[in-house]
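# 3D, please:
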Amino acid sequence: MSKIYQLLEKFEGIINEPWPKGLSGQEKVWFLIFDPMDLRKMKLKLGEFEIAAKNANKEWHEISLKTKFSKWLANHEYREAFFEDPKYLADSLQYDFREYLEETILAELKINNKENTLVVLKDVSSIFGVIRLSEIVNFLSNHINGRLMILFPGEFINNQYRLMDARDGWDYLARPIMI
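Numbering: from 1, shown residues only. Take a look at the predicted model:
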């Protein structure tokens, strides 16, 4: 059995558990952890995870980070200056892009953020090296009514999450889903 199917079986068990109320934002976060080499396979099988969630009477709401950076940069008033001298981009990433990302994700959450909704944050590797995923997860965890599941190409070792196996990890009170 493939690693993705093993992960799907694990997910099916977890999605069918009762969702207690009164949890902190961080306790509502799940990390679906898989090998970065399996990213394409995960994208192909994501529909099966959605079916499992719907079979458990949960709503499924995907939010992709794939085009967020390019849309932000394309609409930024100083985009030409950033291309001429990229050192000015670093400051703007930490403030302007992060704020843009938070605002656009919140707008997408307004579509479906009920207590029985699993919000799935995907394509997180597209912000790798641009902004820290941990900052986005910390922000989002306070705005989720159901559960937030991060599709996480990385690893979880000694209570540390490491995106793309390349950056120092961070501690987080989320629930890891892994094989």
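# how about the helices in the chain?
3-15, 39-55, 68-75, 79-84, 87-92, 98-109, 133-141 (DSSP state H).
# Including distance to V119 and mean neighbour count, could those go into TSV?
The C-beta positions use only the backbone N, C-alpha and C, and glycine is treated the same way. Conversion of those to TSV gives the following (distance: least, C-beta to C-beta, whole Å; neighbours: other C-beta atoms under 10 Å):
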stretch	distance to V119	mean neighbour count
helix 3-15	13	16
helix 39-55	11	15
helix 68-75	15	15
helix 79-84	30	12
helix 87-92	27	12
helix 98-109	7	15
helix 133-141	8	18
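# For burial, what's the neighbour tally of I127?
Counted with other C-beta atoms under 10 Å, residues neighbouring I127 total 21.
# Test my guess that it contacts V137.
No - using C-beta atoms under 8 Å, I127 is not in contact with V137; the gap is 11.2 Å.
# correct me, but A81 touches Y88?
Yes - counting by C-beta under 8 Å, A81 does reach Y88; the two are 6.1 Å apart.
# Which residues are in contact with each of I127 and V137?
Listed as contacting both I127 and V137 by C-beta atoms under 8 Å, 6 or more residues apart in numbering is no residue at all.
# Pull out the buried residues from the least confident helix or strand in the chain by mean pLDDT.
Least confident helix or strand, the chain: strand 160-163 with a mean of 76, by mean pLDDT, DSSP states H and E. Under the neighbour-count criterion of 16 or more other C-beta atoms under 10 Å, strand 160-163 has 161-163 buried.
# Figure out which of the helices of the chain is closest to L23.
Closest approach to L23 among those is made by helix 133-141 (10.0 Å; C-beta to C-beta).
# from the middle of its chain, how far away would that closest one be?
In terms of C-alpha atoms, centre = their mean, to the nearest Å, the centre of helix 133-141 is set 9 Å apart from its chain centre.
# what sits up against that helix?
By C-beta under 8 Å, 6+ apart, the residues outside helix 133-141 that reach it are 24-26, 28-29, 98, 101-102, 105, 109, 121, 124, 127, 148, 150, 161, 163, 170, 172, 174.
# thinking again about what came up before, mean pLDDT added to the helices of the chain, as CSV?
Listed next are these as CSV, based on pLDDT from 0 to 100:
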stretch, mean pLDDT
helix 3-15, 97
helix 39-55, 97
helix 68-75, 92
helix 79-84, 82
helix 87-92, 79
helix 98-109, 94
helix 133-141, 90
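# could those helices go into a markdown table alongside distance to I157?
Formatted as a markdown table, these follow (distance: least, C-beta to C-beta, whole Å):
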| stretch | distance to I157 |
| --- | --- |
| helix 3-15 | 17 |
| helix 39-55 | 19 |
| helix 68-75 | 28 |
| helix 79-84 | 36 |
| helix 87-92 | 29 |
| helix 98-109 | 27 |
| helix 133-141 | 16 |
